[in-house]
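Colleague: need a structure here:
(chains A and B)
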Amino acid sequence: MKLIPKDDFQEELVIRPLHSGDIYASFQFRTLWDTDFMRENKVSHYRLFPKSLGQVISKFSVRELHISFTQGYWRTMQWGQPFIPSPPGAELWVWFQDSVTDVDATWKELTNVLSGIFCASLNFIDSTNTVQPSASFKPLGIGNVTDHSFLRYATLPREIVCTENLTPWKKLLPCGSKAGLAVLLKSEKLFHSSFHSQAVHIRSVCQDWQCKTTSWELRQTVNSVFDLHNSGQAKREWSLFKMFSRTLTEACPLASSSKLYIDITDNPQGEQFELSPATSLLSQAVVLGDRRTFSVYDLTQETTFGSVRSLNLLIRWKSNEGEMLRPLLHAERYVAGYGLQTGEIHTLMYNNHPYRSFPVLLLDSVPWYLRLYIHTLSVTSKGKDNKPSYIHYEPSKDRVKPHLLEMLIQLPPNSVTEVTVQFERALLKWTEYPPDPNHGFYVGSSVISSLVPSTVAMDTNSTRERPLFSSFFPCKEESSYFVRIYTEPLLVNLPTPDFSMPYNVICLTCTVVAVGYGSLYNLLTRSFQIEEPNPGLAKRIANVIRKMRGVPPL
Amino acid sequence: CALHVICCNAGQFFSSGHTNNWAVLVCTSRFWFNYRHVANTLSVYRSVKRLGIPDSHIVLMLADDMACNHRNPKPATVFSHKNMELNVYGDDVEVDYRGYEVTVENFLRVLTGRLPPSTPRSKRLLSDDRSNILIYLTGHGGNGFLKFQDSEEISNVELADAFEQMWQKRRYNELLFIIDTCQGASMYERFYSPNIMALASSQVGEDSLSHQPDLAIGVHLMDRYTFYMLEFLEDIHPASKTNMNDLFKVCPKSQCVSTPGHRTDLFLRDPGSVLITDFFGSVRKVELTMDAINLTDPIKQMEENPVNGEEQKEVYSYADQLPVSEIIHQKPKQKDWHPPDGFILGLWTLILLVFFKTYGIKHLKHIF
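Modeller: The predicted structure follows:
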């Protein structure tokens, strides 16, 4: 009898109706495994944990891995805070174990292997877009040592997300897309949404409340926001079939828990919308600094599916009132200026709390071809200068590494903080332009990490049985919660040469040389001879006769 | 006599000479108005997958994304027919090279196998000398070249040399080359390696035309040659006996407007004896056995570890996500000391030289 360490799989789906009529669906699939990948004798039997990721962890000595693929931009003002934030495009950040000697080489190999697993162009991640943050992106899992030389962070804002990324992602799930909540993940509906993000998060977590042993946690998440008007319906009504063109028929047989949560906090007496089929299970959770109430459907129970053996949840709106809780922190970023030589990057951070100020860590990674002038960096709040308490700046090196700017800024209450820096655009070598250079060049999103004061006491007991969506970010204190928001990526035009010019120049030069030099050469070297004109036919016959007679020709 | 029967059957079994199938499908065009090239490649991908070649044996290269393009009115779909009947993109697609990765260099590296060591398996063509490979190219082309992504070209000479490299390295048993571009026949004119059969959608001097536009999507959905080839392939199933001569007859001039061409002089077998499934399908050899196999003991999960004597194990904890005081008092990273750069050394040497030239060497003793 062979013994393998215990593993466990849970899946959940949270549906949150948004104020604008759109609907936010967040899937989380979590696999816990008590094995030790760093052991000498390799792990050989995989059950719920996918083998491809297990081999990646042991081969590259990965301590934590977070990768996300996002299409669209999360609009914090209209939609609130997401459960799992992610920037547009692809984002990868990895903490390596301290046993790794050459982190950069391991990073390069890891990105190549991941590009094969997820069918994405992650092999474009190299030293020109990788940074090593000095204070942001602390590990989300277990760890006392935080030496930032083992951390690498890179984004590819241009990366497209489509079915070819979803297909291998779905194959990592224990039930695939055949049973459980993953049957709802159909690409035709998921990509016809305002926002779609799929991510994989691997980290070590505590096994129990004592936290003397750890287990590996793999979370696969999908966050989607479906647009009311895009899906072509007149009245405000959402159902699982309208969102995903599928209904639920069973839970994944390998899952220990499979639940569906609907956020009904704004609807305590059912005056705003009505849920059907009705459920009596209620649950409360403190998430994102607020206590929210959820209606729960337990898919492991047969009764949830009723007599039709399928669950098609229907949410029908009755009234249009209600206001959304304004997010306490949100940010914007844009490029100012005109022309193709200089510009200015403006980042605005809004603190909407009426009387509390809180610290914010801003991480900016700007590619080398936008030459930042750091002496023009200015941080102002409410018109006055706001000096950051910590600044870390690493200048770029042409074609080698990007700029890295990290600042810890205290945002005063009820204010807008503006960070501006001027830059100059570089002229690239003509072979360095992509095939469509007039599209522009992307600058990755800024990352803003912050401890935002919460309205209710956060739960710091990290090992109590909690729904997955509330246990993603670890909580150390009760009065504030950690949040990470991403700004928009920027699209800047670089001065682009006319690529047809080499062809034009060659044609023109060759023509000039051929016509000018060629005619001169001919005039100088050609020798002229007088040529008798061709005699007519009569004369030729006469000459032939005269030759026969022996008489000189005409 | 039972043995004799088995021998005969075995001989018939392996008459085609190949044991595995690969496919390299390339779309070389970028931009939304070249939707039809992506649709072409995806139709061949779909047929090849349907007839049995798995994703691990297909290298699919798409130069641009049409399915999730923001101009696509139906996201995550690529249609091949005007009435949106057939979604060739499907729900189970794995694209190996996409976007800017589709370059002439990557294509030739895939063919010849000379890839950097860190390339993942799904991006490699791991064929051997018993592999039949199908190579399909589509895009914009001209007399003797094929354009990649509007910025570079591959010439027919380069392609012929790549195939010769493959032959010398024993990377294929037989190769079927199909190209759907304008003046496509010029691309196979220069082949000189054995066992290659080539098909093209048009002769030199002719243009390959597109099939029909779709008013909802706004662009032409497919090229004529691949459209009729897809119709032909839809009738093929893994056990069908249709041969290459039928494929040569696909899309005559009346339907295609251009004249499709083919080249079989380098191919050793007679095209009439070559099955379509030799290239488009996958070989699956099944071996029947009557022996019983013992399965190993069932695997059981470990129960909760009872607390064994190690009470003094350290307690783990989660890291603090934003330790403000720690960050503020963080010591700046000690940068490694590098010896002075060449420029600085040169500058100081110049300064010292000028100083000593001006004031003479006797001042040296004042410094030391």
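Colleague: tell me the contacts of the residue in chain A that chain B sits nearest to?
Modeller: Closest approach between chain A and chain B, counting by C-beta to the nearest C-beta: A:Gly116, at 2.4 Å. Every residue, glycine included, has its C-beta placed from N, CA and C. The neighbourhood of A:Gly116, defined by C-beta atoms under 8 Å, 6 or more residues apart in numbering or on different chains, consists of B:119-123.
Colleague: what are the bridge partners for the closest residue to A:Val94 other than its chain neighbours, then?
Modeller: Using C-beta to C-beta, 6 or more residues apart in numbering or on different chains and skipping the chain neighbours, the partner closest in space to A:Val94 is A:Leu65 (5.1 Å). A:Leu65 has these beta-bridge partners by DSSP bridges: A:Val94, A:Ile202.
Colleague: narrow the contacts of A:Gly116 to those that are buried.
Modeller: Buried subset of the contacts of A:Gly116 (neighbour count, 16 or more other C-beta atoms under 10 Å in any protein chain shown): B:119-120, B:122-123.
Colleague: relative to B:Asp64, how far out is the residue in the stretch 51-200 of chain B positioned nearest to chain A?
Modeller: Among all residues of the stretch 51-200 of chain B, B:Pro120 sits closest to chain A, at 2.4 Å; criterion: C-beta to the nearest C-beta. From B:Pro120 across to B:Asp64, the span is 22 Å (C-beta to C-beta, to the nearest Å).
Colleague: A:Ile448 now?
Modeller: In this view, A:Ile448 and B:Asp64 are 33 Å apart by C-beta to C-beta.
Colleague: cool, B:Ile293 as well?
Modeller: From B:Ile293 over to B:Asp64 the distance is 49 Å, taken as C-beta to C-beta.
Colleague: how about B:Met187?
Modeller: 21 Å.
Colleague: more neighbours: which of these two?
Modeller: B:Met187 (26 against 23; other C-beta atoms under 10 Å in any protein chain shown).
Colleague: burial count for A:Glu418?
Modeller: Applying other C-beta under 10 Å, we find 17 residues neighbouring A:Glu418.
Colleague: who's it bridged to?
Modeller: For A:Glu418, the beta-bridge partners under DSSP bridges are A:Leu348, A:Thr380.
Colleague: dump the residue contacts of it.
Modeller: Applying C-beta under 8 Å, 6+ apart to A:Glu418 gives the contacts A:346-349, A:379-381.
Colleague: any chance of these in CSV, plus pLDDT and neighbour count?
Modeller: Output for the contacts of A:Glu418, formatted as CSV (pLDDT from 0 to 100; neighbours: other C-beta atoms under 10 Å in any protein chain shown):
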residue, pLDDT, neighbour count
A:His346, 96, 15
A:Thr347, 96, 19
A:Leu348, 95, 15
A:Met349, 95, 25
A:Val379, 96, 19
A:Thr380, 95, 14
A:Ser381, 94, 19
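Colleague: for chain A, which residues score under the pLDDT cut-off?
Modeller: By pLDDT under 70, the low-scoring segments of chain A are A:1-3, A:40-42, A:231-232, A:321-322, A:462-464.
Colleague: report the residue ranges of every domain in it.
Modeller: Domain assignment of chain A by the TED database yields the ranges A:19-236, A:237-319, A:329-492.
Colleague: deepest-packed of those, please.
Modeller: For the domains of chain A, average neighbour numbers computed from mean count of other C-beta atoms under 10 Å in any protein chain shown are highest in domain A:19-236, which has a mean of 19.
Colleague: and that domain, how far apart are its ends?
Modeller: End-to-end span of domain A:19-236 (C-alpha to C-alpha, to the nearest Å): 11 Å.
Colleague: same question for stretch A:162-181.
Modeller: End-to-end distance of stretch A:162-181 (C-alpha to C-alpha): 20 Å.
Colleague: which residue ranges form the helices in chain A?
Modeller: Assigned by DSSP state H, the helices in chain A fall at A:51-60, A:76-79, A:103-118, A:163-171, A:187-190, A:240-244, A:501-512, A:518-525, A:537-549.
Colleague: phi, psi of the closest residue to chain A within the stretch 251-368 of chain B?
Modeller: Closest to chain A within the stretch 251-368 of chain B is B:Tyr318: 3.8 Å, counting by C-beta to the nearest C-beta. Here is the backbone geometry of B:Tyr318 (degrees, to the nearest 10): phi -80, psi 150.
Colleague: ok, the closest residue to it other than its chain neighbours - contacts?
Modeller: Once flanking residues are discounted, B:Tyr318 sits nearest to A:Pro474: 3.8 Å by C-beta to C-beta, 6+ apart. For A:Pro474, the contact set (C-beta under 8 Å, 6+ apart) comprises A:140, A:462, A:482, B:318-319, B:321.
Colleague: equivalent analysis for B:Lys253, please.
Modeller: Residues near B:Lys253 by C-beta under 8 Å, 6+ apart: B:Thr259.
Colleague: tell me which residue lies nearest the centroid of chain B.
Modeller: By C-alpha atoms, centre = their mean, chain B has its centre lying nearest to B:Val59, at 3.2 Å.
Colleague: does the helix or strand hosting that one come close to chain A?
Modeller: Counting by DSSP states H and E, the element that carries B:Val59 is strand B:58-62. No. Strand B:58-62 does not reach chain A (C-beta under 8 Å from any C-beta of the partner chain); its nearest approach is 8.6 Å.
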